[in-house]
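Undergrad: Test case, fold it:
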Amino acid sequence: MKRSDKIERGKQLRELFDSYRYFAFFDFTGITVDQMNFLRSTLRKDGALIKVIKNRIAKKVMDGTPVEEAKEWLQDPTAVVFIQDDVGKAIKELHEFSKEAPLKFKGFILEGRKLGPEKAVELAALPTREELMAQIAAAMAAPLVMFGRAMSMPLSMLANALYQLKEKKEKGE
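TA: Numbering: from 1, shown residues only. Model (predicted):
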C-alpha cells in the first residue's frame, strides 16, 4: 500500500474514532465474505458501521481518541464496529451473529470505558432503545390507567345497582 493511501486511511479512521461514541472490537478470522456482508447490512440498519482496520495504522491514529486504551486489542485481524446511538441493539446483533459464526470479541469501548470480551453477554442483555422507550411509556401510562379505572368504579357500581334494582322490579319483588 502506498504511503499516501495509508495517510488517507488513517485520516478516515481518525474521523470515525472522533465521531462515534461506542466501539466493539473483534477478530473476524474464519468469517466468510458472505457472513461479513450479512453482518454489515444487519448493523447498518441499526446505524452502526463495520470497518476492517489495519492494526499498524489504527495504533497511530488512536492517540488522543476515546479508544486509545484499545491499542492492546490490535493484534491479529481486527474489525471495529462503530456504534452511534443504540448500543444495545448493535451488540445484541453481534452476539447473535457470534453464535453462528466464529466471531471472537476482543473488547468494547463504551463512553470512554474499556470493557473486556467477557462483557459481551451482559451487554447483549441490555434493552434496545425501542424496548426502553416502551418501558418508559408503560411506566408513564400506568398511573393514568389506574386513575381512569378509579374514576369509572363508582359509575360501574351505580350501573350494577340499577341493574339489580331493575331485575328485582321485573320479578315483582
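
Undergrad: Could you check the pLDDT of the nearest residue to residue 85 once chain neighbours are set aside?
TA: In space, and not counting its chain neighbours, residue 85 is closest to residue 47: 5.7 Å by CB to CB, 6 or more residues apart in numbering. Just so you know, the C-beta spots here come from the backbone N, C-alpha and C atoms, and that holds for glycine as well. pLDDT, the model's per-residue confidence, is 84 for residue 47.

Undergrad: ok, now residue 170?
TA: So residue 170 comes in at 84 (pLDDT).

Undergrad: Determine the set of other helices and strands touching the helix or strand hosting residue 145.
TA: Assigning secondary structure by DSSP states H and E places residue 145 in helix 129-171. Contacts defined by 3 or more CB pairs under 8 Å, 6 or more residues apart in numbering; DSSP states H and E place helix 129-171 against helix 87-100.

Undergrad: what's in contact with the helix it packs on?
TA: With CB atoms under 8 Å, 6 or more residues apart in numbering as the test, helix 87-100 has contacts from 21-22, 24, 26, 35, 39, 42-43, 46-48, 81, 83, 103-105, 108, 110, 120-121, 123-124, 126-132.

Undergrad: Might you quantify the distance of the helix holding residue 145 from its chain's geometric centre?
TA: Mean-position distance between helix 129-171 and its chain equals 37 Å (CA atoms, centre = their mean, to the nearest Å).

Undergrad: List the residues that contact residue 20.
TA: Counting by CB under 8 Å, 6+ apart, residue 20 has contacts 49, 82-84.

Undergrad: circling back to that earlier point, hmm, which of the contacts of helix 87-100 are the buried ones?
TA: For these, a burial check counting by 16 or more other CB atoms under 10 Å picks out 22, 24, 26, 35, 39, 42-43, 46, 48, 81, 83, 103-105, 108, 110, 120, 123-124, 128.
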